[in-house]
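Sequence and predicted structure are below.
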Amino acid sequence: MGAADFANPTTGYPRWVDVPSWIDFALFQELARNTDGYTKSSYYQKLPDAAGGKVVTAPIWDNDLSYGLLSNGTHTPEGWLYEFKWNMPVPWWERLWRDPPFRNAARCRWQELRRGKLTTAAIGAKIDEFAAILARAQPRENARWMLIGKKEASSAYVGATWADDVRYLKSWLPKRMAWLDTGLAGACTRP
């Protein structure tokens, strides 16, 4: 597969990768601005031939350097993570994001998610739900690791309390989603 046929449905990346799983993975990395997302915390698996034989993105994990917490330039809710060169993303992600069919499909998927699971209200409710689940465990977690209120060398945000941290996330995520609403180029051309 060369540069000329990169997006060719028969010989290019669509033949080899499960494009919807890659789009979901990329959108999540962009939403979270996960500094490790396109690099060392990316896992892939090839499905058996009986299941299509394509490469899918594996579970999303390792989000300690995301959601605006790191003072390396990814703390702002604006900008593209795939263009950020801190951890040097693997080259195919930048190439995929610059491919019009991939970008258009990502735009369609983003619009679909924003009408459902990723509305600002849904995200706020999910954060509240998780915070309620974690409320009893959080004091033990902090007693063990003592991270609340602790400034690390690379911290862009440090809350004084766990409630501050929850409020911060509920404030940062809608700003990031709003930026993606306008910053995600492409045209959703599905019939």
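Yep, it's here. Model, not experiment: these values are computed from the prediction.

so how far is Leu65 from the nearest residue to Leu118 once chain neighbours are set aside?
Excluding the flanking residues, the one nearest Leu118 by CB to CB, 6 or more residues apart in numbering is Met177, at 6.5 Å. The way it works is simple: take the backbone N, C-alpha and C, and place the C-beta from them, glycine included. As judged by CB to CB, to the nearest Å, Met177 and Leu65 stand 19 Å apart.

Excluding chain neighbours, give the residue nearest to the most centrally placed residue in the chain in space.
In the chain, the residue lying closest to the centroid (CA atoms, centre = their mean) is Gln29, at 1.8 Å. Leaving out its chain neighbours, the residue that sits closest to Gln29 by CB to CB, 6+ apart is Gly37, at 3.4 Å.

List the buried residues for the helix or strand Arg140 falls within?
Using DSSP states H and E, the element containing Arg140 is helix 138-145. Of all the residues in helix 138-145, those buried under the rule 16 or more other CB atoms under 10 Å are Gln138.

helices or strands next to the helix or strand following that helix in the packing?
Toward the C-terminus, helix 138-145 is succeeded by helix 162-183 as the next helix or strand (DSSP H and E). Judged by 3 or more CB pairs under 8 Å, 6 or more residues apart in numbering; DSSP states H and E, helix 162-183 is in contact with helix 19-32, helix 100-115, helix 120-134.

just to revisit the earlier point, what's the neighbour count on the residue nearest to Gln29?
Using other CB atoms under 10 Å, Gly37 is surrounded by 29 other residues.

quick one: it from Val166, how far?
Distance of Gly37 to Val166, given as CB to CB: 22 Å.

the bottom helix or strand of the protein by mean pLDDT?
Every helix and strand in the chain was compared by mean pLDDT, DSSP states H and E; the lowest is helix 91-97, with a mean of 88.

Identify each buried residue in it, please.
Residues of helix 91-97 classed as buried: Trp93, Leu96, Trp97 (neighbour count, 16+ other CB under 10 Å).

my read: the residue nearest to Leu118 touches Thr120, true?
Yes. Shown here, Met177 and Thr120 form a contact pair, counting by CB atoms under 8 Å, at 6.6 Å.

more neighbours, those two?
The neighbour count for Met177 versus Thr120, taken as other CB under 10 Å, is higher for Met177 (18 against 13).

Now do the contacts for the more buried one.
Met177 makes contact with Leu31, Arg114, Leu118, Thr120, Ile123 under the criterion CB atoms under 8 Å, 6 or more residues apart in numbering.

Confirm Pro9 sits in a strand?
No. Pro9 is assigned coil when assessed by DSSP: H, G, I helix; E, B strand; the rest coil, not a strand.

can you give me phi and psi for the spatially closest residue to Thr74 that is not a sequence neighbour?
Spatial nearest neighbour of Thr74, chain neighbours left out: Arg33 (4.6 Å); criterion: CB to CB, 6+ apart. For Arg33, the backbone dihedrals (degrees, to the nearest 10) come out as phi 50, psi 50.
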